[in-house]
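Undergrad: Following is a predicted model, sequence given first.
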Protein chains: 2
Amino acid sequence: MKIDKSLVSGSTTLLILGLLKSNDMYGYQMIEELEKRSQNIFTLKAGTLYPILHTLEQQGMIESYDTETESARPRKYYRLTKEGKKLLEEKQIEWKAYSSAVNQVLGGLNYAGY
Amino acid sequence: MKIDKSLVSGSTTLLILGLLKSNDMYGYQMIEELEKRSQNIFTLKAGTLYPILHTLEQQGMIESYDTETESARPRKYYRLTKEGKKLLEEKQIEWKAYSSAVNQVLGGLNYAGY
DNA sequence: CAAATATATATCGGCCATCTATATATGTCA
DNA sequence: TGACATATATAGATGGCCGATATATATTTG
């Protein structure tokens, strides 16, 4: 098996897709949710997130829709498309292989977190 | 805890230091050993490795010495310095935190490979 | 013996992901 | 009403990694 060489630096995309698996979310919410779930280890920057969202939407991996509430500021929600779900599964497999390989190189012990 | 933002893309340094933990090695050997230990998932490129080795040596994390055999091609072996060992430990902790956080974001389950 | 291939190290230019900085606009709270 | 949080957006800078290339020697193969 060959790992996509951009996996490591491209893990942000994996995380974004992972967030959308459970619920539709808007950008700002993703930043907060990611911090929360990772216990402040990931502090995704807006300047990183939004360009990725636009790219993923262009690629058909996610779809957006606006909320039409009268009170709050309009938010742009994103949801996974069928293709996006497939991409997420692929990237999850890559991540498992990658993290497992790192652990093997470092200490011999294998990844067992699933 | 704050993760070095270059961790992900900087995992190559972690892997190199990890290789040197068990034995002194020369560059070309690291490329082979890394492929072997990771079951061909990591194919470290010479153009990536050697500049990193030079940088690490400049920073005092590793030291080099040449072999003076008459038969074989001279090899430049590297060993971890005290500081290098410390750096490795730090980076290993960061890696655990990072991979654990990814797993938490993705599925909830935690890293348990150690 | 000569050619091809594997071993071994080295550097440069460029790509691409991410961050910083900045801009814009609205809702809420003191 | 001024400050701050919410919310999205983009341009420019930075930095790690790779592809290409160069050099030199040992080994294997025809």
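TA: Perfect, thanks for sending it. Numbering: from 1, shown residues only, chains lettered A, B, ... in the order given.
Undergrad: Low-confidence ranges, chain A, go.
TA: A:1-9, A:68-72, A:108-114 (pLDDT under 70).
Undergrad: The closest residue to DNA strand C within it is in what secondary structure piece?
TA: Distances between chain A and DNA strand C by Cβ to the nearest atom of the strand are smallest at residue A:47, namely 2.2 Å. In short, each C-beta sits where N, CA and C put it, glycine included. If you go by DSSP states H and E, residue A:47 is part of helix A:46-58.
Undergrad: So which elements touch that helix?
TA: helix A:11-22, helix A:27-37, strand A:62-66 (3 or more Cβ pairs under 8 Å, 6 or more residues apart in numbering or on different chains; DSSP states H and E).
Undergrad: Single out the most deeply packed of these.
TA: helix A:11-22 (a mean of 20; mean count of other Cβ atoms under 10 Å in any protein chain shown).
Undergrad: which other helices and strands contact it?
TA: helix A:27-37, helix A:46-58, strand A:76-80, helix A:82-107, helix B:82-107.
Undergrad: Contact partners for the closest residue to residue A:30 other than its chain neighbours?
TA: Distance criterion Cβ to Cβ, 6 or more residues apart in numbering or on different chains; nearest residue to residue A:30, sequence neighbours excluded, is residue A:19 at 5.3 Å. By Cβ atoms under 8 Å, 6 or more residues apart in numbering or on different chains, residue A:19 lies in contact with A:25, A:30, A:33-34, A:37, B:105.
Undergrad: Same question for residue A:78.
TA: A:20, A:24-27, A:53, A:57, A:62-64.
Undergrad: Just give me the closest of these to chain B.
TA: residue A:20 (11.3 Å; Cβ to the nearest Cβ).
Undergrad: one step back: give me the number of neighbouring residues for the residue of chain A closest to DNA strand C.
TA: For residue A:47, the count of nearby residues is 7 (other Cβ atoms under 10 Å in any protein chain shown).
Undergrad: Next one: it from residue B:85, what distance?
TA: As defined by Cβ to Cβ, to the nearest Å, residue A:47 lies at a distance of 36 Å from residue B:85.
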